[in-house]
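A.B. asks: sequence-free structure coming up:
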């Protein structure tokens with residue numbers, strides 16, 4: 001094992017079998033994840049006054065460059081199993097998921113949700129049933145009265161904030177659907 005490991009037992013005696021299981025999990029993390037610089041594991045036996053047996057809380061603190069990741073698992077009173085091995089497995093599963101997410105962010109694999117195209121009504125021609133929307137990146141998009149969803153074309157005013165779906169029309173970009181934002185929605189253009 002290459003990385004520093006600290007195992008602490010609280011409210012219970014240390015156990016070679018439990019330490020071996022923890023070391024096995026840490027070794028697995030260390031082999032698969034090269035960014036870990038240290039790992040601390042706390043095993044705590046929780047006192048349950050009205051229930052027989054012990055319930056356990058397992059806390060894992062892993063240090064990676066620029067961050068500390070924490071995972072824990074606590075067996076609850078209503079769980080049938082208060083098996084310490086299950087609690088340890090669950091806590092390390094949670095830590096694996098956090099490390100995968102961390103490493104994914106380092107690679108730039110995170111999903112980025114684009115904001116839907118939006119803008120403001122720039123020009124209206126109610127007599128001809130169309131208008132123009134100026135987008136947040138200063139593009140002009142044509143829209144027709146029939147593109148407006150859940151709003152009345154006659155209620156639009158220059159400056160109305162809208163969200164749109166854009167497509168290429170015969171004469172350039174046009175909005176296939178236009179949604180009027182409510183009066184409390186703020187758009188930075």
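C.D. replies: It's in. Worth saying up front: this structure is predicted, and the values here are computed from it rather than measured.
A.B. asks: domain-wise, how is the chain divided?
C.D. replies: According to automatic domain parsing, the chain comprises the domains 5-107, 118-180.
A.B. asks: mean pLDDT and mean neighbour count for those - can I get that in TSV?
C.D. replies: Heads up, the C-betas are built off the backbone N, CA and C, glycines and all. Converted to TSV, the domains of the chain look like this (pLDDT from 0 to 100; neighbours: other C-beta atoms under 10 Å):
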stretch	mean pLDDT	mean neighbour count
domain 5-107	81	15
domain 118-180	88	15
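A.B. asks: tell me the secondary structure for the residue nearest to residue 29 when sequence neighbours are not counted?
C.D. replies: Of all residues not flanking residue 29 in the chain, residue 36 sits nearest, at 6.3 Å (C-beta to C-beta, 6 or more residues apart in numbering). Using DSSP: H, G, I helix; E, B strand; the rest coil, the three-state assignment for residue 36 comes out as coil.
A.B. asks: you'd agree residue 39 is up against residue 62?
C.D. replies: Yes - Residue 39 is within contact range of residue 62, at 5.2 Å (criterion: C-beta atoms under 8 Å).
A.B. asks: overlap of the contact sets of those two?
C.D. replies: Residues touching both residue 39 and residue 62 by C-beta atoms under 8 Å, 6 or more residues apart in numbering: residue 29.
A.B. asks: do a quick rundown of the helices in this protein.
C.D. replies: 16-32, 84-107 (DSSP state H).
A.B. asks: could you list the residues in contact with the first one?
C.D. replies: In other words, helix 16-32. Here helix 16-32 makes contact (C-beta under 8 Å, 6+ apart) with 1-3, 5, 7, 9, 36, 39, 41, 43, 62, 84-85, 88-89, 92, 95-96, 99.
A.B. asks: surely residue 151 touches residue 180?
C.D. replies: Yes - under the criterion of C-beta under 8 Å, residue 151 makes contact with residue 180 at 4.0 Å.
A.B. asks: so what sits against both of these two?
C.D. replies: Common contact partners of residue 151 and residue 180 (C-beta under 8 Å, 6+ apart): none.
A.B. asks: who's sitting farthest from the centroid in the protein?
C.D. replies: In the chain, residue 127 marks the outermost C-alpha relative to the chain mean, sitting 47.0 Å out by C-alpha atoms, centre = their mean.
A.B. asks: contacting residues for that one?
C.D. replies: The contact partners of residue 127, by C-beta under 8 Å, 6+ apart, come to none.
A.B. asks: make CSV out of the helices of the chain and add distance to residue 169.
C.D. replies: Below are the helices of the chain laid out as CSV (distance: least, C-beta to C-beta, whole Å):
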stretch, distance to residue 169
helix 16-32, 51
helix 84-107, 39
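A.B. asks: any idea how far residue 171 lies from residue 10?
C.D. replies: Counting by C-beta to C-beta, to the nearest Å, the separation of residue 171 from residue 10 is 72 Å.
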